[in-house]
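Enquirer: Need the 3D shape of this:
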Amino acid sequence: MLPRAPQRGRGADSNPDNRFHSQCSVLEDDGWHQEVPASVHTEVRIEAAKTIIARNSSPDIPFDRSINPYRGCEHGCIYCFARPTHAYWDISPGLDFETRLIAKTNAAQRLEETLGKPGYRCAPIALGANTDPYQPIEQDYRITRELLEVLLRYRHPVTITTKGAMILRDLDILRELASLRLVRVMISLTTLDNELKRTLEPRAAAPGARLRAVRVLAEAEIPVGVICAPVIPAINDHELEAMIHAAAKAGASSAHYVLLRLPLEVAPLFEAWLRVHYPQRANHVLSMIRQSRGGALYDSRFGERMKGEGVFAQMVARRFAHAVKRAGLQARAGDGLDCHAFSPPGQQLSLL
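Expert: Residues are numbered from 1 along each chain as shown. As a prediction, this is how the structure comes out:
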């Protein structure tokens with residue numbers, strides 16, 4: 001059966017069984033015409049989170065703690081490495097990941113409780129490590145803004161990664177956090193091509209809107225950089241220099257990149273996307289990915305999973321280093337966030 005085109009505004013075209021299912025179903029064409037629903041509505045479930053800060057010890061990322069206000073992400077990025085997490089809820093990493101979302105509505109309360117525990121030690125908290133804190137449903141639930149209000153109240157440093165232009169809604173809080181050296185923002189930039197964005201990450205902000213967010217944040221003296229991620233062979237890698245140049249022109253101070261990652265269920269979903277949108281190029285793209293991943297579609301080893309290996313990966317690394325140097329940007333955002341101003345709940349803030 002030929003791959004089906006995803007519904008407009010959605011990244012995945014199907015709901016494949018997750019890896020924990022003991023049985024799986026296969027779609028077959030029986031020759032009868034089947035009406036496909038015009039759209040799939042977004043469903044949001046409420047979760048009363050027991051804990052809110054996730055810890056990690058990965059040497060590949062510059063933080064050891066993070067908060068994800070939402071499970072699943074309506075942006076629908078077909079390449080999203082977080083898709084497999086939906087399997088833990090017995091939900092498909094495919095279309096379900098972008099249409100059946102979970103909102104942690106008590107996140108701010110749990111955060112305040114955690115910050116007040118006697119053994120808590122302050123270090124920057126990352127918002128947006130797994131799913132986007134400024135995905136469309138944040139407009140209604142405002143969980144990310146509530147978290148920022150708690151962090152500002154207790155002078156706790158935070159980093160934010162997003163491809164959502166909605167971050168400008170919280171400019172007032174971000175400006176105050178920045179004045180205290182408590183925030184750094186990274187805008188995820190995948191492409192400058194609106195048509196590619198429409199199919200690759202259908203409900204994310206347009207490239208121009210993300211660059212405008214960089215410009216507005218920079219003008220407000222809020223430290224902001226870009227992450228060119230993911231770099232996809234023969235799909236968007238040719239845009240790497242142009243994206244870095246555009247980011248620098250908009251006011252970004254740093255840039256970073258990540259080579260495409262295809263863990264678990266993401267690999268077949270991405271391959272199906274390729275077969276629909278780039279059928280003549282699909283085998284070439286998959287071959288280049290394997291050349292960068294030791295012959296497989298993914299390599300989860302620390303030190304390799306973000307950058308890859310082989311000729312193509314090395315070429316991307318050299319191109320990135322040259323483009324960043326030419327643009328006058330830092331290759332990675334510096335820390336520079338103040339952990340000493342933190343005043344836990346129940347303690348009086350310093351006047352100095």
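
Enquirer: what about this structure, any weak spots by pLDDT?
Expert: Applying pLDDT under 70 to the chain flags the ranges 1-4, 21-39, 333-335, 348-352.

Enquirer: what ranges do the strands span in it?
Expert: With DSSP state E as the criterion, the chain has strands at 43-47, 54-55, 65-67, 70-71, 100-104, 125-127, 158-162, 183-189, 224-231, 255-259.

Enquirer: Make JSON lines out of those and add mean neighbour count.
Expert: (Each C-beta comes from the backbone N, C-alpha and C, glycine too.) Putting those into JSON lines (neighbours: other Cβ atoms under 10 Å) gives the following:
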{"stretch": "strand 43-47", "mean neighbour count": "13"}
{"stretch": "strand 54-55", "mean neighbour count": "12"}
{"stretch": "strand 65-67", "mean neighbour count": "20"}
{"stretch": "strand 70-71", "mean neighbour count": "23"}
{"stretch": "strand 100-104", "mean neighbour count": "21"}
{"stretch": "strand 125-127", "mean neighbour count": "24"}
{"stretch": "strand 158-162", "mean neighbour count": "23"}
{"stretch": "strand 183-189", "mean neighbour count": "25"}
{"stretch": "strand 224-231", "mean neighbour count": "24"}
{"stretch": "strand 255-259", "mean neighbour count": "22"}
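
Enquirer: Mind putting those strands into CSV with distance to residue 278?
Expert: Below are these laid out as CSV (distance: least, Cβ to Cβ, whole Å):
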stretch, distance to residue 278
strand 43-47, 30
strand 54-55, 35
strand 65-67, 33
strand 70-71, 30
strand 100-104, 28
strand 125-127, 33
strand 158-162, 27
strand 183-189, 21
strand 224-231, 15
strand 255-259, 18
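
Enquirer: Quick check: which of the ones you listed is nearest to residue 300?
Expert: For those, proximity to residue 300 was assessed by Cβ to Cβ; strand 255-259 is nearest, at 13.0 Å.

Enquirer: Which secondary structure elements does the closest one sit against?
Expert: For strand 255-259, the helices and strands in contact under the criterion 3 or more Cβ pairs under 8 Å, 6 or more residues apart in numbering; DSSP states H and E are strand 224-231, helix 240-250, helix 310-327.

Enquirer: ok, residues contacting it?
Expert: Contact partners of strand 255-259, identified using Cβ atoms under 8 Å, 6 or more residues apart in numbering, comprise 186, 225-231, 240, 244, 247-248, 292, 306-308, 313, 316, 320, 323-324, 327, 329-333.

Enquirer: Distance from it to the middle of the chain?
Expert: Between the centre of strand 255-259 and the centre of its host chain there is 12 Å, according to Cα atoms, centre = their mean, to the nearest Å.

Enquirer: Could you do stretch 161-170 as well?
Expert: Mean-position distance between stretch 161-170 and its chain equals 12 Å (Cα atoms, centre = their mean).

Enquirer: contacts for that stretch?
Expert: Applying Cβ under 8 Å, 6+ apart, the set of residues contacting stretch 161-170 is 75, 77, 126-129, 132-136, 138-139, 144-145, 148, 160, 174, 185-190, 201, 204-205, 209-210, 212-213, 216-217, 227.

Enquirer: In ChimeraX, how would I select the buried members of those residues?
Expert: Restricted to buried positions by 16 or more other Cβ atoms under 10 Å, the ChimeraX selection for the contacts of stretch 161-170 reads:
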select :75,77,126,127,128,129,132,133,134,135,136,138,144,145,148,160,174,185,186,187,188,189,190,201,204,205,210,212,213,216,217,227
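
Enquirer: And the helices and strands packed on strand 255-259: which comes nearest residue 112?
Expert: Proximity to residue 112 (Cβ to Cβ) singles out strand 224-231 among these, at 26.8 Å.

Enquirer: what's the closest one packed up against?
Expert: Applying 3+ Cβ pairs under 8 Å, 6+ apart, one finds that strand 224-231 makes contact with strand 183-189, helix 207-219, helix 240-250, strand 255-259.

Enquirer: Make CSV out of these and add distance to residue 69.
Expert: Converted to CSV, these look like this (distance: least, Cβ to Cβ, whole Å):
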stretch, distance to residue 69
strand 183-189, 16
helix 207-219, 19
helix 240-250, 26
strand 255-259, 22
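
Enquirer: Minimum distance to residue 268: which of these has it?
Expert: In this view, these are compared for proximity to residue 268 by Cβ to Cβ, and strand 255-259 is the closest at 18.9 Å.

Enquirer: Which neighbours in the sheet does that closest one have, and how are they oriented?
Expert: Strand 255-259 sits in its sheet next to strand 224-231 (parallel), going by DSSP bridges.

Enquirer: who's in contact with the strand it pairs with?
Expert: Applying Cβ under 8 Å, 6+ apart, the contact partners of strand 224-231 are 79, 161, 184-190, 214, 217-218, 237, 240, 243-244, 247, 251-261, 316, 320, 329-330, 333.
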